[in-house]
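Undergrad: how would this look folded up:
(2 chains)
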There are 2 protein chains.
Amino acid sequence: MTAAIDFIALDWGTSNVRAYAIDAEGRIVGELASDKGMGKLKPEEFEPTLLELIARWLSAERVLPIYACGMVGARGGWQEATYGQVPFDVHRALKLTKVATSDPRIEVQIVPGLCQSTPADVMRGEETQIFGLLEKYPDFEGTIILPGTHSKWAEIKSAQVTGFKTYMTGEMFNLLSQQSVVRLSVAEEGWDDDAFLKGVKDAMAAPQDFTNMVFGLRAKSLLTGLTPLEARAMLSGLLMGMEIKSGMDSFATGQVAIVGGVKLMGIYQAAFKEFGIDPLCDVDENFTVRGLNLVAKAQKEGVAS
Amino acid sequence: MTAAIDFIALDWGTSNVRAYAIDAEGRIVGELASDKGMGKLKPEEFEPTLLELIARWLSAERVLPIYACGMVGARGGWQEATYGQVPFDVHRALKLTKVATSDPRIEVQIVPGLCQSTPADVMRGEETQIFGLLEKYPDFEGTIILPGTHSKWAEIKSAQVTGFKTYMTGEMFNLLSQQSVVRLSVAEEGWDDDAFLKGVKDAMAAPQDFTNMVFGLRAKSLLTGLTPLEARAMLSGLLMGMEIKSGMDSFATGQVAIVGGVKLMGIYQAAFKEFGIDPLCDVDENFTVRGLNLVAKAQKEGVAS
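TA: All right, here's what the predicted structure looks like:
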């Protein structure tokens, strides 16, 4: 099988690492994963971790190119990779960061993250998903939303990332629902559509009241019998309302595309529907691999440096 | 000494309990404290905890009245006490909740908390500080701010609490500075005045950007060398800016009074100064005891039920 592998695409985040064997046509011909995310490793542990994970794909007869993206390139990761500054042309030569490795069978290069000066912001990993999306939809103009722990909104104009914003929506939801006083009123699972939309609308109408409205979930559960299910959905709505209000104020033009898991995407769709926006949703695609394919192709063609 | 004690004032919060022996003139003649807060006790453990704490003040010859306030009266505390609904007249008869105890030397009653329907909110313990403040400044009209884990803003008109709002400022600061991604950029101690005020102004100008601006602290520390000290003060400023913007929008009239520890009060003063507001600050007074004195006096005079 190693003969068919053209390169390895590596998506190495904080919690997990996913490796994809890609053939000369850009197809995924093998997939491996482990929970040895960047957050659990010291710099010297990355190479042995990688070798162990992809051992079956290696051969003594060749040097296998490996293109990596994500927190592997963060400060405190394997090796700090550069940032590309916005406005960033996705067809521009990517300044990959070569990692010093001792095994002669691999050559590892890390994709740059993106940074922005005003307001200060950074991403590592999501830029590759954006490259992938723009490879699939080259004429896309508007805003790409990548929901998650740190939700990203990126503005695309003429195949350039012209600006972006990170929202701590997922991380704040976890902290507040599991560790704040509100945890006493919030269910661990479950959902309520009406409560979610109420939260979205309340936060959009008075974002300055955010920490008051979060505490209000506890008060409502004590005074008016707000159920733990409703409280959970409403908390999510408050955070999403803040994000959407800020994102729409910042990036108002063009189409909206959401890339992510089915569940999260459905939540965003429901919120956007309230504002008459029908976003382009693309669930099935592994845009990270598509983005790394773009990187590999550019390397072969000598476009990238 | 027990002969001189008229009643015991009990400030029983989530983390700590403080007991004050009060004489017939309302003076504190003894003070005891322990870390056996409401959060650490099951309902049946409150009476033995109290008896152990105040053993030296008890006498077989009399029944000692004990007036308690704080989370001791919360659901899951010793016994759930009632809430007074706003608008609440501080001279109105207080509906105390009598606790079933087995020791004949004590009679324990819990002060009601305050609740508000729209927007839903509750307080337990802070109402007693407000009673104390209004006992000292009977003509006060305006807004009383009680900073803390759950910062409270209460509007006072004609000796009535007409409305209030809780902000999770302190709790969010702890969660974000200790457990979110931002912890990597935030010092455990220290302060920077300019960074604090920048945070206050930024949050007031665009509160919908709150979770983006919090993430921005991490980005600034990576990109522009924002120091951990500056990041700490700026995070505090962002949360305070949200609180002040919301509080000033909600309760705009009259004087502003801040009651709390010296350090926190200084922070609020600095923020308010930016907006030309010079709040009344009262540090030294133990307003909880003053408020419980008011309660005891009303009980003796038969004003309260």
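Undergrad: any low-confidence regions in the stretch 151-300 of chain A?
TA: A:283-284 (pLDDT under 70).
Undergrad: tell me which parts of it are close to chain B?
TA: On the criterion CB under 8 Å from any CB of the partner chain, chain B has as its neighbours in the stretch 151-300 of chain A the residues A:165-169, A:171-172, A:175-176, A:179-181, A:204, A:206-216, A:218-220, A:222-224, A:239, A:242-243, A:245-246, A:249. Any C-beta I mention is one placed from the backbone N, CA and C, and that applies to glycine too.
Undergrad: next step: these restricted to helices.
TA: Per DSSP state H, helices hold the following members of those: A:169, A:171-172, A:175-176, A:179, A:204, A:210-216, A:218-220, A:222-223, A:239, A:242-243, A:245-246, A:249.
Undergrad: are any of the residues of the stretch 151-300 of chain A next to chain B buried, and if so which?
TA: A:165-169, A:171-172, A:175-176, A:180-181, A:204, A:206-216, A:218-220, A:222-223, A:239, A:242-243, A:245-246 (16 or more other CB atoms under 10 Å in any protein chain shown).
Undergrad: would you map the helices across the stretch 1-150 of chain A?
TA: A:46-54, A:126-136 (DSSP state H, counting those that start in this stretch).
Undergrad: most tightly packed of those helices?
TA: A comparison of the helices of the stretch 1-150 of chain A by mean neighbour count, using mean count of other CB atoms under 10 Å in any protein chain shown, puts helix A:126-136 on top with a mean of 23.
Undergrad: and it, what does it pack against?
TA: strand A:113-116, strand A:142-146, strand A:151-157, strand A:255-259, helix A:287-300 (3 or more CB pairs under 8 Å, 6 or more residues apart in numbering or on different chains; DSSP states H and E).
Undergrad: give me the contacts around it.
TA: A:11, A:69-70, A:84, A:88, A:90, A:111-114, A:140, A:144, A:146, A:152, A:154, A:156, A:159, A:161, A:257, A:259, A:282, A:285-295 (CB atoms under 8 Å, 6 or more residues apart in numbering or on different chains).
Undergrad: partner residues bridging A:Y167?
TA: Using DSSP bridges, the bridge partners assigned to A:Y167 are A:S151.
Undergrad: OK, contacts around the closest residue to A:K157 other than its chain neighbours?
TA: Spatial nearest neighbour of A:K157, chain neighbours left out: A:E141 (6.1 Å); criterion: CB to CB, 6 or more residues apart in numbering or on different chains. Residues in contact with A:E141, defined by CB under 8 Å, 6+ apart, are A:I156, A:K157, A:S158, A:T253, A:G254, A:Q255.
Undergrad: per-residue confidence at A:E141?
TA: According to the prediction, A:E141 has pLDDT 94.
Undergrad: contacting residues for A:M71?
TA: A:W12, A:G13, A:T14, A:G37, A:M38, A:G39, A:G77, A:R124, A:G125.
Undergrad: which one among these gets closest to B:R62?
TA: A:G39 (61.7 Å; CB to CB).
Undergrad: surely the closest one touches A:S15?
TA: Yes - under the criterion of CB atoms under 8 Å, A:G39 makes contact with A:S15 at 6.4 Å.
Undergrad: can you give me the domain assignment for chain A?
TA: Each domain of chain A is listed here as a residue range: A:7-114+A:286-301, A:167-274, per the TED database.
Undergrad: residues of stretch A:82-89 that come out buried?
TA: A:Y83, A:G84, A:V86, A:F88.
Undergrad: keep the residues you listed, but drop any that are not near chain B.
TA: Near chain B, by the rule CB under 8 Å from any CB, you find A:Y83 out of those.
Undergrad: just put the buried residues of stretch A:82-89 in CSV and tack on pLDDT.
TA: As requested, those are exported to CSV (pLDDT from 0 to 100):
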residue, pLDDT
A:Y83, 95
A:G84, 95
A:V86, 96
A:F88, 94
